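Novice: based on what follows, work out the 3D shape:
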Amino acid sequence: GFAEVTITFDNTDPVMAQTLPLEYRSYSDIAVTRRLYRGDGSNDYFINKAPVRLRDVTELFLGTGVGRQAYSIVEQGRIGMIVSARPEDRRVLIEEAAGITKYKARKRQAENKMSLTRQNLTRVSDIVAEIERQLGSLKRQAAKAQRYIAYREELDDLVLWDASHKLLELTARSGVSRLALATAREQLQAERAAFDARDAELEVLRQQAKDAEQHAERAQNLAFLSDNDVREHDGQIQRASDRFNHLDNRLRQAQREQLELEDKSAQLDSERGELAEQLEQIGSEQSREQELVAQEQTRLEELRQAASTADAEINRLRRADADTASRIARAESEDRNLGQRREESLTRRSRLALELAKIDGERVGLRMRESELGGNTKSLTAQSQALAQARDALAEELPFVEGQVEHGAAQLETIRRELHQRKSRLEALRELAERMDGIGSGVRNLLASEDASLGGLVADRIEVPATFSAALGGLVGERLQSVLVTDADRAVELLASLAGKRGGRATVIPMDLARASVDGVAERVPSEALLAQPGVLGRMIDHVRCASEDAAVVRLVVGPALVVETAEVAQTLRRSGEATGFDLVTLDGTVFHADGRITGGAGDALATGLLDQKREIRELEDLVMGLTMQARTREDDLETRRQELAALRRGLDEAKARAHAAEIAMVTGQQSLERIQQRVELADRRYAEVEREVAQGEQALAEIEARRLEAGEALRIAQVDRAALVEALAEAERAGLSTREQLSAQQAAFTERKVQLASVSERMGACRSAIERVTRELEGLSRRIEGLEDERAEAAREAGRLAAEIFSEKALLIDAKRASRKAHAAFENARLGLDDARHGLGLREAELRELRATVDELGSATREHEMTLQRLMLEREHLDEAIRERFRGLELATVVGDYHARPQAGQEQLERLKELTRLIDRMGSVNLDAMKEYEESSERFTYYTEQRADLESALTDLEAAIAQMNKESKRLFRYAFDGVNRRFKEIFPKMFRGGRAELRLTNPDDMLETGIEILAQPPGKRVSNIELMSGGEKAFTAVSLLLALFRFKPSPFCILDEVDAPLDDANISRYVEAIRAMTDRSQFIVITHSKQTMQAVDVLYGVTMQEPGVSKLVGVRVGDRAARSTVKRSERPVETDVAKAEAAAPEDEVAEASGQVA
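Specialist: The predicted model follows:
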């Protein structure tokens, strides 16, 4: 099922027709239809019964004043928003009147296309630039691939030659190791048997020692428990003594409290007697007042009964009168309704006859259309299935290529992240080096002079491994900050200049003097015996790297120093005298000088940091260079994969587009066929339904005539009954009035007597409350005195019990102390026995450890033989695995026969192997498909270059179109603004009977974005801000602007929803006159609650509910008061009657906007 609504427009006005799209200007009528389907909520739109898009419907109404934001529909509350809105929002009304909303919509579409075109142009330009960059690289890669293949073949032959001889050598060495392993295992087994026998004997001794230990532990626990008993009895005696003292104090306090309570009880007993005498006097007075109240109440009840009887009679007569009036009204209403229904039935009979002929013609046309669509749908289905198969084949290939691209991108991203981290670290270290943090101010000022004779710091000329950084830093220290100068004369001049500028102190090393001093002195070389000492790591100068021209300076700075592992090694060498004349420096930076001084501590952090910083900078520079080359290679590979993926995606997108277009065509055809079939079915059902309605209408006419005769007779009888009831009701009302006057007087007397009785009762209640309070206090005192006596007796009994308990606990304490001494003596004897057992066990364990050492030595020897054999086996496995991995599963044993006859590869062949490896490694990754990729890239370059030219041309055309639309929009907006403003100036004084108003542009220089201000001056007021106007003035100003818009450009219709709500009667009359004046141009539909507005319309519609749950829409032609409207039934109750007035539109024209539900 579906719901459908159609609105029909008269298009005979040539001026209005020119505002519509070209394809609709020639129609005399334009019918716009929307159909909503119940199942899936989908919509279909039609213009003159032809299927269209929602966009086509929107474009049809653009510029006509009809739309959600246009001025033809003014809902409740929006009339004030027209005046209160921002100037920029108010310009929408002028744009709609000017007809430029369609230009704005087209401009938005063009701008969206421009944005997409620019994005595509950017992407295409990037692709062209990337392909152009790759072409040269691919050409070089092709030549590189040829060299790679030749190197690779020669390298593979050398690798297999060397590996074959290695395999033969490993096989022989494995046999020797197996024989040695068998001998070692036999010796180990014999020694382990002897060890197991001794271990069993030791286990017996361990069990005996364990038993002695458990006996000592039990004796210790008994001693501990005895001590606990002594402490427990002592504490119990102390607690009982404290409780006894507390009870004695409580007895004395209870005796004092009992005496005080007995005195207070005597006072309360005297007060209770006085209150009892007062209560007796008040009781007599209360009895007298109660007798008088009873007499007055009896008289009041008699009068109430009489008044109730009179009211019941009056109500009965009134109900009877109301029932009779209802009968009369129902009879009159039924007579009117029956007359209306007779006229409606006659009209409906004529309309149904015409509808039958129309439906029959539609059924013939729909069946012809159904046959045509059936054939088209079959051919479209076959085409869609073929295209879907081609699309699915490409979709299966796409994930594999995408996986390759994602894997390559992930690898490239990993390299880039590492490269970024390394670069960041390198830049930070370089920045630290340039700032020279920690360097003395004199050195910094000296280097800042940038003199040509300066050679930098000593630290810049020295390289040392990380292991020896702390040692060199501790040995050299601040000498690393020494500045190198070409000659001594220039050094003196620089230091003098530094002193003159007060720039701090610095140490300089003239390089000419350094070379002379080193060349003139023989270098001290330690003996071979000294260097072979344990813990001696060699000369410091041997661990330092520098350029050849800097060797003299480095020797001068480092000196004849030896590096040792620890300070203990240095101390040993010093005591032996073997290192005399040499400085000794440990790895942690402690220096033992040749003259006996020792320098150490936390180390020279500045010198060590300076060395580490220089070393890390050099390492990072090499690493960054390698990562950069690796990233470029990965980028080239990834781009190649991406190009393949892009080509595959383009093919898949084209296949999807073709398949989707075919599916859409197929689905559209199927939907059209289903809709036609539904319309045929609907037309058949509607034809049968109309036939039934015609038969029902004839039967209803006969029933209406009979019911009109019955209603006339019922009305005559009801009128006679009501005349008699009116006379009886008047007599009953006079009698009831006299009875109510007597009742009112008696009620006043009764109330006064009840007030006096209440006063006496209140005094009596107060007296009784006081007596009860005194009695409760006496009872409480008595209970407290009895409780104190019980408490004193209980305390005395508890004191006696505590004295007996103290005596008993003292006797138990003496017994506990005696038992504790015995337990401690037993514990001491057990502890001595445990010590003897442990001593014997220790002697046997020492013997077993010696035997275990022998077993361990044999086990170590056995494991060494096993590890040797395992290492040989692993070497063979690694050799086999390396060959399999390098040669794609090749087993080395299968090719040994090809190489075993050759002599073992000599040094020349091994050097050639290394050289080939270096050549291939320097070549990096090689693209063996470079020629093919070069050709494909050339074709893609040509294709994308053409695409870029096409996009640039399209972008130019779009910019020209937007410029033309902007120019036309400015012209139309200016023209519309002037026209609406001129009419607004004329209408406003007429509506307000004076005053003036105008529209003003907020930015006249920008017609595309300017806002519109309203300047209004009602007569007799000076309003500086339009927001200060009253609600009615705002509404009238907005109505004036709407009328100006309609006079400039009328819309087909206008809906005004309670626009007159804030207006008074005088303003409503002018509001109605203004609308009347516009009815020759537009059709007005007014929703109102104003009677004055309802009286001025041509046709009046109202919603009512005569039966619960069923609403009716009633229409009345106001001019002749003839009831002419159909009655519709609604499925939901309507709670409020809403009057809808429609001006200047014949009822037949209104009926053209019809709704139908299937």
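Novice: quick check: residue 1074 touching residue 1039?
Specialist: Yes. Under the criterion of CB atoms under 8 Å, residue 1074 makes contact with residue 1039 at 7.0 Å. From N, CA and C alone the C-beta is placed, and that goes for glycine too.
Novice: list the residues that contact both of those two?
Specialist: Counting by CB atoms under 8 Å, 6 or more residues apart in numbering, the shared contacts of residue 1074 and residue 1039 are residue 991.
Novice: which residue ranges make up the domains of the chain?
Specialist: Annotated domains of the chain cover 1-61, 65-99+963-1157 [automatic domain parsing].
Novice: what's the most buried one of the ones you listed?
Specialist: Among the domains of the chain, the stretch with the highest mean neighbour count (mean count of other CB atoms under 10 Å) is domain 65-99+963-1157, at a mean of 17.
Novice: and that domain, average pLDDT?
Specialist: Mean per-residue pLDDT for domain 65-99+963-1157: 73.
Novice: that domain: how far from the chain's middle?
Specialist: Domain 65-99+963-1157 sits 45 Å away from the centroid of its parent chain (CA atoms, centre = their mean, to the nearest Å).
Novice: stretch 668-688 too?
Specialist: With CA atoms, centre = their mean, you get 48 Å for stretch 668-688.
Novice: alpha carbons only: can I get that stretch in PDB?
Specialist: This file holds the C-alpha atoms of stretch 668-688, laid out as PDB (Å, rounded to 0.1, in the frame of the first residue of the first chain):
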ATOM      1  CA  THR A 668      14.400   0.800 -11.900                       C
ATOM      2  CA  GLY A 669      12.700  -1.300 -14.500                       C
ATOM      3  CA  GLN A 670      11.600  -3.800 -12.000                       C
ATOM      4  CA  GLN A 671      10.300  -1.000  -9.700                       C
ATOM      5  CA  SER A 672       8.500   0.600 -12.600                       C
ATOM      6  CA  LEU A 673       7.000  -2.700 -13.500                       C
ATOM      7  CA  GLU A 674       5.900  -3.300  -9.900                       C
ATOM      8  CA  ARG A 675       4.500   0.100  -9.600                       C
ATOM      9  CA  ILE A 676       2.500  -0.300 -12.900                       C
ATOM     10  CA  GLN A 677       1.300  -3.700 -11.600                       C
ATOM     11  CA  GLN A 678       0.300  -2.100  -8.300                       C
ATOM     12  CA  ARG A 679      -1.500   0.800 -10.200                       C
ATOM     13  CA  VAL A 680      -3.400  -1.800 -12.300                       C
ATOM     14  CA  GLU A 681      -4.400  -3.600  -9.200                       C
ATOM     15  CA  LEU A 682      -5.300  -0.400  -7.500                       C
ATOM     16  CA  ALA A 683      -7.400   0.800 -10.500                       C
ATOM     17  CA  ASP A 684      -9.300  -2.500 -10.500                       C
ATOM     18  CA  ARG A 685     -10.000  -2.300  -6.800                       C
ATOM     19  CA  ARG A 686     -11.000   1.400  -7.100                       C
ATOM     20  CA  TYR A 687     -13.400   0.600 -10.000                       C
ATOM     21  CA  ALA A 688     -15.100  -2.100  -7.900                       C
END
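Novice: quick one: buried residues of that stretch?
Specialist: 669, 672, 673, 675, 676, 678, 679, 680, 682, 683, 686 (16 or more other CB atoms under 10 Å).
Novice: look through this protein and tell me its longest helix.
Specialist: Identified as the longest helix of the chain according to DSSP state H is helix 101-435.
Novice: that helix packs against which elements?
Specialist: helix 54-61, helix 87-98, helix 605-886, helix 896-899, helix 907-923, helix 930-992, strand 1122-1123 (3 or more CB pairs under 8 Å, 6 or more residues apart in numbering; DSSP states H and E).
Novice: how about JSON lines for the ones you listed, with distance to residue 1096 added?
Specialist: What follows is the helices and strands packed on helix 101-435, written out as JSON lines (distance: least, CB to CB, whole Å):
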{"stretch": "helix 54-61", "distance to residue 1096": "29"}
{"stretch": "helix 87-98", "distance to residue 1096": "26"}
{"stretch": "helix 605-886", "distance to residue 1096": "33"}
{"stretch": "helix 896-899", "distance to residue 1096": "117"}
{"stretch": "helix 907-923", "distance to residue 1096": "98"}
{"stretch": "helix 930-992", "distance to residue 1096": "16"}
{"stretch": "strand 1122-1123", "distance to residue 1096": "18"}
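Novice: which one of those is the most hemmed in?
Specialist: Buried most deeply of the helices and strands packed on helix 101-435, by mean count of other CB under 10 Å, is helix 87-98, with a mean of 21.
Novice: CA atoms of that helix as PDB?
Specialist: C-alpha atoms of helix 87-98 as PDB (Å, rounded to 0.1, in the frame of the first residue of the first chain):
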ATOM      1  CA  PRO A  87      19.800  41.000   8.400                       C
ATOM      2  CA  GLU A  88      21.800  38.200   6.700                       C
ATOM      3  CA  ASP A  89      18.900  35.700   7.300                       C
ATOM      4  CA  ARG A  90      16.300  38.200   6.100                       C
ATOM      5  CA  ARG A  91      17.900  38.500   2.600                       C
ATOM      6  CA  VAL A  92      16.500  35.000   1.800                       C
ATOM      7  CA  LEU A  93      13.000  36.600   1.300                       C
ATOM      8  CA  ILE A  94      14.400  39.000  -1.400                       C
ATOM      9  CA  GLU A  95      16.400  36.200  -3.000                       C
ATOM     10  CA  GLU A  96      13.300  34.200  -3.400                       C
ATOM     11  CA  ALA A  97      11.400  37.100  -4.800                       C
ATOM     12  CA  ALA A  98      14.300  37.900  -7.200                       C
END
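Novice: tilt between that helix and helix 101-435?
Specialist: Put simply, helix 87-98 runs at 140 degrees to helix 101-435, going by axes from the mean of the first three to the mean of the last three CA atoms, to 10 degrees.
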